[in-house]
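[1] here is a sequence together with a model predicted from it:
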Amino acid sequence: MNMGPKGPAQGGGRLGRGWNEAGAKSEAHQREEVLELLWTLREMGQSRLEDILQVAEEGEAERILSEMEDEGWISLREGRVNFLEEGERRAEEVIRRHRLAERLFSEVLELEEGHMESSACQFEHILSPKVLDSVCTFLGHPPICPHGKPIPRGPCCDRFKKEMEPLVRPLADLKPGEEGRVVFIAPKSRSRLERLSALGLIPGAVVKLAQKHPSFVLGIGETTLALDQEIVREIYVKKV
């Protein structure tokens, strides 16, 4: 789902089960778009029905919301929309598919922002649960999307933590002398991400942990950096 000037908007494309033979969105696709909109607006602190309908580009949004209320997916009270258990579960699944698709197109295929977003909007509607778990595992169970928004955890993430040594881990987990290739960075602020990028700490860079105490010392090529533990724990690497 793209972000228009007023908030979340539809992505383009006609791919997979989201479109019917006449070239129009299927009912399932329409519902997923509305669920995604509700979730994204909730993250922004917006739940008023009036605001949701103003932002929605889905022409059938009001009808779909009414049907979701009848089926027990959402509640509409005092002009506000809230998820019920079933709606929360379905919306979480849609968001997880979209944000994992974003990471796939951004990191693996290295698409530019505009192409990444539109492709993710199409791809999210054809990912089966099994394929989605495979994508998540391939990416190392990332906690955030390329825009820094959280990716809901799935069953594969829980199994991964319990059954096997993580392939992708915080840089702070490496032992002195070990090297890791940066997979992703999950900073608390964009300014911190920009500072790390300026230092050469970007996805794909190989870093070597020199020491942990009294501060973390890293080597990137011929450069040596000293970083606080909080920052180091926001950098995720794969051992090399």
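    Thanks, I have it.
[2] what about residue 62, distance to residue 103?
    When Cβ to Cβ, to the nearest Å is the yardstick, residue 62 and residue 103 sit 33 Å from each other. (Each C-beta comes from the backbone N, C-alpha and C, glycine too.)
[3] name the SS class of the residue in the chain sticking out farthest from the centre, please.
    Relative to the centre of the chain, the most outlying C-alpha is that of residue 214, 34.1 Å out, by Cα atoms, centre = their mean. Following DSSP: H, G, I helix; E, B strand; the rest coil, residue 214 is assigned to coil.
[4] tell me how far it lies from residue 179.
    For residue 214, the distance to residue 179 - Cβ to Cβ - is 22 Å.
[5] what is the top helix by length along the chain packed up against?
    With residue count as the measure and DSSP state H as the assignment, the chain has helix 85-103 as its longest helix. Helix 85-103 sits against helix 27-43, helix 113-123, helix 129-138, with contacts defined as 3 or more Cβ pairs under 8 Å, 6 or more residues apart in numbering; DSSP states H and E.
[6] pull out the buried residues from it.
    For helix 85-103, burial by neighbour count (16 or more other Cβ atoms under 10 Å) applies to 87-88, 90-103.
[7] how far is it from where the chain is centred?
    How far helix 85-103 lies from its chain's middle: 9 Å, per Cα atoms, centre = their mean, to the nearest Å.
[8] export that helix as CSV, just CAs?
    Listed in CSV are the C-alpha atoms of helix 85-103, where the atom choice follows Å, rounded to 0.1, in the frame of the first residue of the first chain:
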residue,chain,number,x,y,z
GLU,A,85,-10.1,-10.2,17.6
GLU,A,86,-10.8,-11.5,14.2
GLY,A,87,-10.2,-8.2,12.5
GLU,A,88,-6.9,-7.7,14.4
ARG,A,89,-5.7,-11.1,13.3
ARG,A,90,-6.5,-10.6,9.7
ALA,A,91,-5.1,-7.0,9.6
GLU,A,92,-1.9,-8.2,11.2
GLU,A,93,-1.5,-10.9,8.5
VAL,A,94,-1.9,-8.3,5.8
ILE,A,95,0.6,-5.9,7.3
ARG,A,96,3.1,-8.7,7.8
ARG,A,97,2.8,-9.7,4.2
HIS,A,98,3.2,-6.1,2.9
ARG,A,99,6.2,-5.2,5.1
LEU,A,100,8.1,-8.4,4.4
ALA,A,101,7.5,-7.9,0.7
GLU,A,102,8.9,-4.4,1.1
ARG,A,103,12.1,-5.8,2.7
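[9] okay, domains of the chain per the record?
    Taking automatic domain parsing as the domain assignment, the record places the domains of the chain at 1-164, 168-239.
[10] give the rounded mean pLDDT of the first one.
    Per-residue pLDDT over domain 1-164 has a mean of 75.
[11] all the helices of this protein, in order from the start?
    Remark: helices of the chain, listed N- to C-terminal, are 27-43, 49-55, 61-70, 85-103, 113-123, 129-138, 155-163, 190-198, 229-232; assignment by DSSP H.
[12] so which of these gets nearest residue 145?
    For residue 145, the closest of those is helix 85-103, at 3.7 Å, according to Cβ to Cβ.
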